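Visitor: model this:
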Amino acid sequence: MSIIKVLSPQLANQIAAGEVVERPASVLKELVENSLDAGAQSIDIDIEQGGVKLIRIRDDGCGIGKDDLALALSRHATSKIDDLEDLEAVATLGFRGEALASIASVSRLSLTSNSGEDSAWRAVSEGRDMEVEIAPASHPQGTSVEVRDLFFNTPARRKFLRTEKTEYNRIDDSIKKLALSRFDVAFNLRHNQRAQISLRPATTQLEQEKRVADICGTTFMQQALYIDNSRPGLRLWGWIGLPTFSRSQADLQHFFVNGRCIRDKVVSHAVRQAYQDVLYHGRHPAFVLFLEITPADVDVNVHPTKHEVRFRESGSIHSFISQTLKQALAEDRPQDHLQSNSGSYQTGNYPIESSAPGAVGQPAADWQQPAMQFSDRSPSQNGSAGSSATLGSFGTSHRSGSGNMENFQSLYSTSGINLPEAAGEMADSQDIPPLGYAIAQLKGIYILAENSQGLIVVDMHAAHERITYERMKNAFDDQGLISQPLLVPESLAVSQREADAAEQHNEVFAKLGFAVERAAAESVIVREIPAILRGSEVESLLRDVLSDLLEHGTSERIRDHINEILSTMACHGSVRANRRLSIAEMNALLRDMEATERSGQCNHGRPTWSQLTLDQLDKLFLRGR
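Guide: Got it, this is the predicted structure:
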């Protein structure tokens, strides 16, 4: 007797449903993607009891003809691919031909559609024997799909569903991702007859930024940079959060490939690498990014839920994403985030009424202002190059560790700063630099400066640390890497794949000052290393590099390790806290901040400056009330 049996169509569909129909949110995603592929410009969604009782999707797309309704509910039936060539360059969101059949097998489903004909038709399937009934109906052009009583005939699946609130939250998250993927489509969501989401089509950049703010929060848009970079066959655009807007978890990261929301290790690694030099440890960046790529260069058919993709040239994509984000973060300057004359912050073209990035917060209600002591110098003396105005120092001189002071003074001795002749005597508002002019030093730690909007507070050590670090990196790049031969070449036992990678990417190691040779099938020899890495754990570093090359096709481990050393050197070589600086030195530091890449954060990701506007000061002291 044969023990191998052909599964019944219903059982086969229910098994397939386990791959694409995990919960109500996955049902909604598949149906909305069908609406988008049908060219819908408006999608209305009704949910009851977290989607378990009812999911209704109505669109104004091209519709389905009467003759195709029954086929639409059949397994492996689709209008989106005809042959293997179509599968190798998928340009639609849904293409497997399994979703409707799988959903119909575990629910009571009705499909009503009008493809522009005089009458509409409805197809009904109750999930029992998969028979489809066709009947006339009334419906404008487009399609409506109703999914009732999800998992009514598979109780083992239904018991794994969570509470109504949890299932609805997953639906809400799914709709927001879909709304981010298609700015040109209107989305409306109701839950238990209550309106939850209403988004109009967004065609201009201003409207798109408004939608992103509605979905991701206005705080994100207040502290986001708009990027748009392209090369033949590739375009990356969207918004990336400033390092000051970091998250404790990766919960605000949206990446779309040709309109499809995906999760990909290559992308994640590229983004982390771009933020590595500016993000505080343990924090995660926020972003909404769109990658447009030739469909033939990406495989979207690697997972049943289509959440993962595989790039044909993953190394090239990794480099493109990482370098684009690095450049955007490097070119960001403090002046890009100060208030405009209208009093609203400009992010792209989207004005948002709020405080500046990293703005000083309100003090606690029981805070008491201590008495302040001022120096006896006249205003003109306070504005001279040799003066040292301090605020709140209580007449105490803090001087310790003089080793770095001479270095700092020599750094700015020829700065050529043109200062106002007297403290408080400001030039024309159009001539005031973004970070203003220094007026005092607080506790030997902070520089206080006045700009056209109010008060700027700068952490002088953090700011000087970043300036020094960027100069050291530039000098290091200009002078190139000096290699140092090892007295005794180091032999490493590696896998054959790792040895192949070392041989294939030999030029990568050579460019970074390493001389790596293949000695055997599973062995490599290191003959030279960069002089700056003398004393480092070369073996573990090399193994990490090989691991990156195998997984991502590229590696920045060596360069990152060099940067770590330069960062430590910059930290020790920067002006320390409790240092009295002259007004000229403070102003020179402010001007360098305005001209230095990534000057908004120190080498460890901490903010270097903050703005307290006149409006905030007025509120603090209840002026105008």
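
Visitor: Quick one: list the elements packing against the host helix or strand of P485.
Guide: Using DSSP states H and E, P485 sits within strand 483-493. Counting contacts by 3 or more CB pairs under 8 Å, 6 or more residues apart in numbering; DSSP states H and E, strand 483-493 is packed against strand 515-520, strand 523-530, helix 538-552. For the C-beta atoms, the positions are set from N, CA and C on the backbone; glycine is no exception.

Visitor: average model confidence for the longest one?
Guide: Just to be clear, that refers to helix 538-552. Mean pLDDT, helix 538-552: 83.

Visitor: if we look at that helix, which residues are touching it?
Guide: For helix 538-552, contacts defined as CB atoms under 8 Å, 6 or more residues apart in numbering pick out 265-266, 269-270, 314-315, 318, 490, 492, 494, 497-498, 501-502, 504-505, 508-509, 514, 516, 524, 526, 529, 533, 554-558, 561.

Visitor: In strands only, show me those.
Guide: Counting by DSSP state E, the part of those found in strands is E490, L492, V516, V524, V526, I529.

Visitor: could you dump the helices and strands packed on strand 483-493 to JSON lines with distance to V145?
Guide: Listed next are the helices and strands packed on strand 483-493 as JSON lines, based on distance: least, CB to CB, whole Å:
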{"stretch": "strand 515-520", "distance to V145": "58"}
{"stretch": "strand 523-530", "distance to V145": "58"}
{"stretch": "helix 538-552", "distance to V145": "40"}
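
Visitor: quick one: which of those is nearest P140?
Guide: Set against P140 and scored by CB to CB, the helices and strands packed on strand 483-493 come closest in helix 538-552, at 49.3 Å.

Visitor: so the closest one versus strand 523-530, what angle?
Guide: Between helix 538-552 and strand 523-530, the angle comes out at 110 degrees (axes from the mean of the first three to the mean of the last three CA atoms, to 10 degrees).

Visitor: Now helix 538-552: buried residues?
Guide: Across helix 538-552, burial judged by 16 or more other CB atoms under 10 Å covers V538, L541, L542, D544, V545, L546, D548, L549, H552.

Visitor: What of stretch 246-266?
Guide: 246, 252-262, 264, 266.

Visitor: Could you list the residues in contact with the longest helix seen in the chain?
Guide: Ranked by number of residues, the top helix in the chain under DSSP state H is helix 460-479. With contacts defined as CB under 8 Å, 6+ apart, helix 460-479 is touched by 408, 441, 445-447, 532, 562-563, 566-567, 569-571, 573-577, 579, 581, 586, 589, 592-593, 596-599, 601-603, 606-609.

Visitor: Derive a PyMOL selection command for the buried subset of these.
Guide: In PyMOL, this line selects whichever of the contacts of helix 460-479 come out buried by 16+ other CB under 10 Å:
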select buried, resi 408+441+445+446+447+532+562+563+566+567+570+571+573+574+575+576+579+581+586+589+592+593+596+597+598+599+601+602+603+606+607+608+609
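
Visitor: tell me the angle the strand holding P485 makes with helix 538-552.
Guide: On the basis of the same axes, to 10 degrees, strand 483-493 is oriented at 70 degrees to helix 538-552.

Visitor: neighbours around Q335, how many?
Guide: Neighbours of Q335 under the rule other CB atoms under 10 Å: 12.

Visitor: Please shift the residue numbers so they start at 356 in all later answers.
Guide: Okay, using 356 as the starting number, the last item reads as Q690.

Visitor: Nearest residue to it in space, please, no chain neighbours.
Guide: P789 (3.3 Å; CB to CB, 6 or more residues apart in numbering).

Visitor: I'd assumed E949 was in contact with that neighbour.
Guide: Yes: if you go by CB atoms under 8 Å, P789 and E949 touch, sitting 5.7 Å apart.
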